[in-house]
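> okay, predicted coordinates and the sequence, questions at the end:
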Amino acid sequence: MDETDRRLQLILTAALALLVVGGIVDLILDQPTSWLSFHVIFELMLIAGGLALAITLWLRWRAAAHDVERLRASLQKRQAERDIWKASAEQALAGFGRAIDAQFRAWQLTPAEREVALLLLKGYSHKAIARHTDRSDATVRQHATAIYQKAGLSGRAELAAYFLEGIPLPDGPAPSDIARA
């Protein structure tokens, strides 16, 4: 619980305790002759209501505190699972990145062409690549043409297919089952 919640808890607890204690003190000081008078019944109802409200609030605060603890534990567990998955994915992506770079080198792409080819694989447009690499749009297009020629590919779609063709979907059809257009 944060400080504001604790302060509110303390204020409500003090107000309810004051209500209950005040009602009891008032009944004692009044020294009623009959317990069936309106005044006595009204004060007993106030005391009982204050006690019931205090008990209800305490039980709900306790349940909320337990819920918060369960949520924190669940969140920590999910964060740990996420961190494990992220590490696994990073290793897989690093291996994939090394494999892509090895193929770029096998095609004898220059460092600038390798950078453009990777950005093409990521789906960036020629204009976006030009902005990202501080090159002109024409220069990026020339690099793309050189990439496709050196790789023996017809364009961006074949470049992507070259690297992504064999990646199976978890529950989908195998890549070889999909008819090519």
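Cool, the structure landed. Numbers count the residues shown, from 1 in each chain.
> who does the lowest-mean-pLDDT helix or strand in the chain touch, helix- and strand-wise?
Least confident element among the helices and strands of the chain, by mean pLDDT, DSSP states H and E: helix 3-30 (a mean of 84). When contacts are defined as 3 or more Cβ pairs under 8 Å, 6 or more residues apart in numbering; DSSP states H and E, helix 3-30 packs onto helix 38-106. The C-beta positions use only the backbone N, C-alpha and C, and glycine is treated the same way.
> how far does the helix it packs on sit from its chain's centre?
From the chain centre to the centre of helix 38-106 is a distance of 12 Å (Cα atoms, centre = their mean, to the nearest Å).
> what angle sits between that helix and helix 3-30?
170 degrees (axes from the mean of the first three to the mean of the last three Cα atoms, to 10 degrees).
> and the helix or strand following helix 38-106, what does it pack onto?
Sequence-wise, the next helix or strand downstream of helix 38-106 (DSSP states H and E) is helix 111-121. Applying 3+ Cβ pairs under 8 Å, 6+ apart, one finds that helix 111-121 makes contact with helix 38-106, helix 126-133, helix 137-151, helix 156-164.
> for helix 111-121, list every residue counted as buried.
Using 16 or more other Cβ atoms under 10 Å as the test for burial, helix 111-121 gives Glu113, Arg114, Glu115, Val116, Ala117, Leu118, Leu119, Leu120, Leu121.
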